[in-house]
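*Asks:* predicted structure and sequence below. I'll ask about it afterward.
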Amino acid sequence: MWRLATLQLNQDTKEKLKQIQSGKAQQVNLSVAGTKLGVHNWTHGSKTKDGRYLSPQNAIKAIADKFVDKSDVNRPVGSVDVVGIMIATQNIDDFIAQLEQAAVLLPDPVFKQSYDYAKSQKDLATTKMVKTPTVGYPAFSPGADITPKSAQTLNCIMRNANAVAMAVRGDPSTLIKNLLQKKQQREAENKQKLDKLLSAKAQVYAFCETGELAQIALRLNSGAPSSEYIFTALIVYVGADLSNIRGMII
């Protein structure tokens, strides 16, 4: 069922990153394979004549409908991990604030677009809800790498840092050469990215279950946020093992 949670890098990842930065090699892999679905206030088909509003229930229904659509050739079958991350608020200022942080940790188009649109339409003043949004067909993409960009960035940084750390065991001159090159090319940029990632946290609603999509669809509305929330952005990940994403939910 859905629960209120904090989205942030988990402590284990932070500790391993610190150890790598201090020169101690660590095995770290933040990759995730699978597919994902998403909807938000400004999804195609979400507009009413009074404005763009979306309740958590309608966002969830749009996803649940795709979970049971067996005509979708890319729809995952069998037992899968499902992780939903939702930003839902009554106030557009709160919506923008949470999206800004969530987009750092999960820079998915759903969150990034919602953030841009919300900022540009901050003066929207109507209170009606939208009709259930339209999700494209086929809704599911073929299984692929769905690793969040933030995790891709960390993977790259950690691989580079590990390579430098491992060089210590070999030729010290190689370490010095690598350090000089990395400092000139990437150190400042990587530090800025890392600082932002390490400090980012967002209040979200999270849903984590394992099973067949048709069965999970029946429970997808359990514990959903209040229907009074009129600003909603929802990403649902589907894959064999989503532990790296679940680990970001505190």
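*Replies:* All right, it came through fine.

*Asks:* got the CA positions of stretch 11-23 in PDB?
*Replies:* Taking C-alpha atoms only, stretch 11-23 is exported to PDB below (Å, rounded to 0.1, in the frame of the first residue of the first chain):
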ATOM      1  CA  GLN A  11      23.100   5.600   4.000                       C
ATOM      2  CA  ASP A  12      24.900   2.500   2.600                       C
ATOM      3  CA  THR A  13      25.500   4.300  -0.700                       C
ATOM      4  CA  LYS A  14      26.600   7.400   1.000                       C
ATOM      5  CA  GLU A  15      29.100   5.500   3.200                       C
ATOM      6  CA  LYS A  16      30.500   3.600   0.200                       C
ATOM      7  CA  LEU A  17      30.900   6.800  -1.700                       C
ATOM      8  CA  LYS A  18      32.900   8.400   1.200                       C
ATOM      9  CA  GLN A  19      35.100   5.300   1.400                       C
ATOM     10  CA  ILE A  20      35.800   5.500  -2.400                       C
ATOM     11  CA  GLN A  21      36.600   9.200  -2.100                       C
ATOM     12  CA  SER A  22      39.100   8.400   0.700                       C
ATOM     13  CA  GLY A  23      40.900   5.800  -1.600                       C
END
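
*Asks:* for it, list every residue counted as buried.
*Replies:* Within stretch 11-23, the residues that count as buried by 16 or more other C-beta atoms under 10 Å are 13, 16-17, 20-21. From N, CA and C alone the C-beta is placed, and that goes for glycine too.

*Asks:* any idea of the mean pLDDT in the lengthiest helix in the chain?
*Replies:* Scanning the chain for the longest helix, with DSSP state H as the assignment, gives helix 149-167. Across helix 149-167, pLDDT averages out at 71.

*Asks:* helices along this structure, start to end?
*Replies:* Using DSSP H, helices in the chain cover 11-21, 56-67, 92-105, 109-120, 149-167, 172-182, 188-199, 213-219, 243-246.

*Asks:* chain center to the second one: distance?
*Replies:* Averaged C-alpha coordinates place helix 56-67 at 18 Å from its chain's average position (C-alpha atoms, centre = their mean, to the nearest Å).

*Asks:* need the residue closest to the centroid of the protein.
*Replies:* The residue lying closest to the centre of the chain (C-alpha atoms, centre = their mean) is Leu106, at 3.5 Å.

*Asks:* isn't it right up against Leu9?
*Replies:* No - between Leu106 and Leu9 no contact is recorded; they are 11.1 Å apart, counting by C-beta atoms under 8 Å.

*Asks:* need the overlap of contacts for those two.
*Replies:* Residues touching both Leu106 and Leu9 by C-beta atoms under 8 Å, 6 or more residues apart in numbering: 150, 248.
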